[in-house]
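Novice: Prediction below, plus the sequence it came from.
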Amino acid sequence: MELGLVGLGRMGGNMRERLRRAGHTVVGYDTNQEISDAKDLADLVAQLKASDQPRVVWVMVPVQAIDQVVQELGELLGEGDIVIDGGNTRWTEDGPRAEYLATKGVKFVDCGVSGGIWGLENGYALMCGGDKADIETLMPIFEALKPEGEFGFVHAGAIGAGHFTKMVHNGIEYALMQAYAEGFELLEAADVVENVTEALESWREGTVIRSWLLDLMVNALRDDPHLAEIQGYVEDSGEGRWTIEAAIDHAVPVPAIAASLFARFTSRQQDSPAMKAIAAMRNQFGGHAVKVEHGDELSPGTPHTKGPRPSDRA
């Protein structure tokens with residue numbers, strides 16, 4: 001098949017290469033003209049030859065840019081053409097974009113994509129939402145991108161279902177990474193385990209917690225066994241937040257995912273105000289030792305300040 005691909009970053013560029021290896025014709029556009037096949041979106045669409053098949057444009061751009069790209073493609077494409085949004089888009093925004101494109105006669109498919117920088121060789125997991133007929137039209141593209149074998153692709157449902165599925169996938173990813181990270185920290189903190197990297201590596205086969213994430217963690221520890229060269233600061237893409245918001249909307253408890261997101265927030269604080277408050281309260285009710293900003297650790301049993309006794313309160 002022939003298609004346009006907008007956004008040739010770490011994932012988009014490798015997707016172009018994987019599609020070309022499978023024999024598809026790909027016209028790529030990126031604001032970085034050094035890697036682009038087209039000078040702009042109009043040029044990209046002009047290079048897609050008119051035929052008995054609809055023109056297809058796959059969009060892989062940051063969420064901040066998607067509306068502008070979709071608006072412009074709506075003006076450039078025509079009846080029966082298809083736009084695929086493969087970015088990390090919030091699923092609630094798929095419907096309005098599909099409705100706008102429909103006024104132009106253009107169809108829309110949302111597709112969550114997982115695989116990162118490894119997707120070129122291993123394939124990409126694809127989670128798609130949209131009309132069944134449109135999905136069937138696009139299957140040659142999906143087959144080229146997905147991993148070999150029976151897994152790695154799902155038509156999850158109507159428009160929005162693909163990005164919703166990818167959102168939940170990323171929420172689970174947050175929790176899994178947090179669990180591995182906490183286990184690593186505990187192994188490091190205990191004197192009894194001498195070979196932490198080897199311990200984690202031993203879990204890669206035969207255990208119920210083996211996974212690709214564990215493999216990647218072991219790779220990192222081989223390069224830096226104590227992660228001394230990495231700062232403990234972690235951003236979030238937004239999908240963890242959206243997962244928790246959706247869970248609230250549907251009254252579904254997701255404590256592990258929520259805790260993993262909040263742990264990332266804590267990582268961005270050099271000295272957590274919340275942890276200061278907890279230390280202060282422990283000192284007040286139990287005289288537990290605290291560390292002050294400029295001075296020695298207070299001794300247990302010596303509250304930093306005096307407060308009212310429980311009996312003093314109404």
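Specialist: Nice, thanks for sending it over. Residues are numbered from 1 along each chain as shown.

Novice: can you give me the helices in the stretch 1-150 of the chain?
Specialist: Ranges of helices in the stretch 1-150 of the chain, per DSSP state H, counting those that start in this stretch, are 12-21, 41-47, 63-76, 94-102, 119-122, 132-145.

Novice: Tell me which of those helices sits nearest to Trp242.
Specialist: Minimum separation from Trp242 across the helices of the stretch 1-150 of the chain (CB to CB) falls at helix 63-76, 10.8 Å. (Each C-beta comes from the backbone N, C-alpha and C, glycine too.)

Novice: Can you name every helix or strand that that closest one contacts?
Specialist: helix 41-47, strand 56-59, strand 82-85, helix 94-102 (3 or more CB pairs under 8 Å, 6 or more residues apart in numbering; DSSP states H and E).

Novice: in it, what's buried?
Specialist: For helix 63-76, a neighbour-count test (16 or more other CB atoms under 10 Å) marks Ile66, Val69, Val70, Leu73, Gly74, Leu76 as buried.

Novice: Just the C-alphas of that helix, formatted as CSV.
Specialist: C-alpha atoms of helix 63-76 as CSV (Å, rounded to 0.1, in the frame of the first residue of the first chain):
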residue,chain,number,x,y,z
VAL,A,63,-0.6,15.9,21.4
GLN,A,64,0.0,19.6,21.3
ALA,A,65,0.3,19.5,17.5
ILE,A,66,-2.4,17.0,16.5
ASP,A,67,-5.3,19.4,16.1
GLN,A,68,-3.5,21.6,13.7
VAL,A,69,-2.4,18.6,11.6
VAL,A,70,-5.9,17.1,11.5
GLN,A,71,-7.4,20.5,10.6
GLU,A,72,-5.0,20.9,7.7
LEU,A,73,-5.4,17.3,6.5
GLY,A,74,-9.2,17.8,6.5
GLU,A,75,-8.7,20.5,3.9
LEU,A,76,-6.2,18.5,1.8
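
Novice: angle of that helix against helix 94-102?
Specialist: Computed by axes from the mean of the first three to the mean of the last three CA atoms, to 10 degrees, the angle separating helix 63-76 from helix 94-102 equals 20 degrees.

Novice: pLDDT weak spots in the stretch 151-300 of the chain?
Specialist: The stretch 151-300 of the chain contains residues with pLDDT under 70 at 286, 292-300.

Novice: Would you map the helices across it?
Specialist: Secondary structure of the stretch 151-300 of the chain by DSSP H, counting those that start in this stretch: the helices cover 161-189, 196-202, 212-223, 239-249, 255-267, 273-286.

Novice: what's the shortest one packed up against?
Specialist: Under the contact criterion of 3+ CB pairs under 8 Å, 6+ apart, the helices and strands touching helix 196-202 comprise helix 161-189, helix 212-223.

Novice: now what about stretch 117-126, what contacts it?
Specialist: Outside of stretch 117-126, the residues within contact range by CB atoms under 8 Å, 6 or more residues apart in numbering are 10-11, 14-15, 17-18, 111-115, 142, 145-148, 152-154, 162, 169.

Novice: Could you point out which of the helices and strands packed on helix 63-76 sits nearest Asp223?
Specialist: Nearest of the helices and strands packed on helix 63-76 to Asp223, taken as CB to CB: strand 56-59 at 33.7 Å.
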